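**Student:** What follows is a predicted structure for the sequence shown.
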Amino acid sequence: KWLYEVTGGDMNRILNEMRKISIFDTKDQSDVFNQLNDDGGYSDLSSMTIYNLTNAILKKDKKTVATVLAEINSIDVEGVGLVTILHKNIRNIISIQMNSKATASSLGMSEKQFAAISYSCGKFTNTQLISIFDLLTSMDMRLKLGNLQLTNEKLIDFIVCTVLSY
């Protein structure tokens, strides 16, 4: 089940891993699987996603950010996508945190989404939120115009370090 989840249901990968383990006696296969995992045989797989990273950034959860970044090569995280998701989330946090009368319906979102975003309120001051929003807006524009030449890794590092520095 774990292998299915971290491969995103990639049946070719799962079949390949099953073939490796099937050469061992049935009673030993679970131990072989665990040993392969312990020895880094699945280090290219991760159940983490870009949303684990963005949620950790928005909650200023540096421990989770570090965990995600340690597995960044096994996770599908694009710097441009990170900017886009953070920009949208920061805009939503601003809409809720800076408007005491905001409701899910007034912002055009579900109650569940409103509650989830509300949980991230208060982690940054209003001034910090505006600064982060301005930074992400500028970065988004520069990326779209091709005026920001950073590798994906450097872009992710810059975003994470800059936002967490507030």
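**Tutor:** On my side now, so go ahead.
**Student:** which stretch of helix or strand covers residue 138?
**Tutor:** With secondary structure defined by DSSP states H and E, residue 138 is part of helix 126-145.
**Student:** could you give the mean pLDDT of the next helix or strand after that helix?
**Tutor:** Going down the chain from helix 126-145, the next helix or strand is helix 152-164, by DSSP H and E. On average, the pLDDT along helix 152-164 is 94.
**Student:** Show me what counts as buried in helix 152-164.
**Tutor:** Neighbour-count burial for helix 152-164 flags 155, 156, 158, 159, 160, 163 (criterion: 16 or more other CB atoms under 10 Å). C-beta: built from backbone N, CA, C; applies to glycine.
**Student:** about what we covered before: which outside residues touch the helix holding residue 138?
**Tutor:** Helix 126-145 is touched from outside by 80, 83-84, 86-87, 90-91, 93-94, 97-98, 124, 148, 159, 162-163, 166, with contacts defined as CB atoms under 8 Å, 6 or more residues apart in numbering.
**Student:** Just these: which are in strands?
**Tutor:** Among the contacts of helix 126-145, no residue falls in strands (DSSP state E).
**Student:** among those residues, which ones are buried?
**Tutor:** Among the contacts of helix 126-145, those classed as buried by neighbour count (16+ other CB under 10 Å) are 83, 84, 86, 87, 90, 93, 94, 97, 124, 148, 159, 163.
**Student:** so which of these comes closest to residue 103?
**Tutor:** residue 97 (13.7 Å; CB to CB).
**Student:** Please name the nearest non-neighbouring residue to the closest one.
**Tutor:** Spatially, and ignoring its direct neighbours in sequence, residue 97 is nearest to residue 121 (4.3 Å; CB to CB, 6 or more residues apart in numbering).
**Student:** got it, and residue 111?
**Tutor:** Leaving aside its sequence neighbours, residue 111 sits nearest to residue 104 (CB to CB, 6+ apart; 4.8 Å).
**Student:** contacting residues around the one you found?
**Tutor:** Neighbours of residue 104 in contact, by CB under 8 Å, 6+ apart: 110, 111, 113, 114.
**Student:** give me the number of residues near the residue nearest to residue 97?
**Tutor:** Look at residue 121: counted by other CB atoms under 10 Å, it has 16 neighbours.
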